[in-house]
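Student: predicted structure and sequence below. I'll ask about it afterward.
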Amino acid sequence: MSDYQVTLHAFVSLRRELQGKILDIGGGGEGIIGRIYQKQVLAIDNRQDELDEAPDGFEKQRMDAADLRFAEASFDAVTAFFSVMYFPEATLKKALSEAFRVLKPGGTLCLWDARIEKADPFIIELDIDANGTDIHTTYGVYLDHKHQSAASIQALCLSCGFQLIESHPGDTFYLQFQKP
């Protein structure tokens, strides 16, 4: 990605707030959620190299988020930290439906991501305060017809049955939902 220009530079601050067992979708690579919540986290990623790169301290499994191999109501929370951008829209709807299925009633879905007008490519450089640990990383995607915003992701989540709890739209956004 070094031949491309950064599209967006942002700062994100995360605090340890979630309780119970957490499924982190796209949790390979930097493993931000796993770093914060450690043994509470089961991180999945569809790329083994991303899982291998992630730090130790939490469980990791190679798995497709659109075809989760977990029983219904298995998790207290599902997270996706700058991983929604990697999903084509049709696959994202299926992944969100699967997240809904594996969440316990009253469970929380937390999504952090970026507004993307077009991804030819889209590259975001992030400075992250991960519960007191500073991390600098870059995420990028090159997908034809990729367009997303807090509103578009919110609409998909609502169509899967989630209820919106919190919304912070912008160039980067945070959305929190609950399963009724």
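Tutor: Great, that's in hand. Residues are numbered from 1 along each chain as shown.
Student: so how far is the biggest helix by length in the chain from its chain's centroid?
Tutor: Among all segments of the chain classified by DSSP state H, the helix with the greatest residue count is helix 89-102. Mean C-alpha position of helix 89-102 versus that of the full chain (C-alpha atoms, centre = their mean, to the nearest Å) differs by 12 Å.
Student: after it, heading C-terminal, what element do we hit next?
Tutor: Downstream of helix 89-102, the first helix or strand assigned by DSSP states H and E is strand 103-114.
Student: can you give the contact residues for the following helix or strand past that next one?
Tutor: Downstream of strand 103-114, the first helix or strand assigned by DSSP H and E is strand 119-130. With C-beta atoms under 8 Å, 6 or more residues apart in numbering as the test, strand 119-130 has contacts from 1, 4-14, 32, 35-36, 82, 85, 114, 116, 134-143, 146, 172. To be clear about C-beta, it is placed using only N, CA and C from the backbone, and glycine gets the same treatment.
Student: before we move on, back to that, the longest helix of the chain versus strand 103-114: what angle between them?
Tutor: With axes from the mean of the first three to the mean of the last three C-alpha atoms, to 10 degrees as the basis, helix 89-102 and strand 103-114 are set at 140 degrees to each other.
Student: from residue 120, how far out is the residue nearest the centre of the chain?
Tutor: Compute the mean C-alpha point of the chain, and by C-alpha atoms, centre = their mean the closest residue is residue 80, 1.4 Å away. With distances taken as C-beta to C-beta, to the nearest Å, residue 80 is found 23 Å from residue 120.
Student: count the residues that sit near residue 78.
Tutor: Counted with other C-beta atoms under 10 Å, the burial measure for residue 78 works out to 27 neighbours.
Student: would you quantify the distance from it to residue 138?
Tutor: To residue 138, residue 78 is 24 Å away according to C-beta to C-beta.
Student: helices of this structure, start to end?
Tutor: 32-37, 48-53, 89-102, 150-159.
Student: still on that earlier bit, in the longest helix of the chain, which residues are buried?
Tutor: Judged by neighbour count (16 or more other C-beta atoms under 10 Å), helix 89-102 contains these buried residues: 92, 93, 94, 95, 96, 97, 98, 99, 100, 101, 102.
Student: likewise stretch 140-148?
Tutor: Of the residues in stretch 140-148, those buried (16+ other C-beta under 10 Å) are 140, 141, 143, 146, 148.
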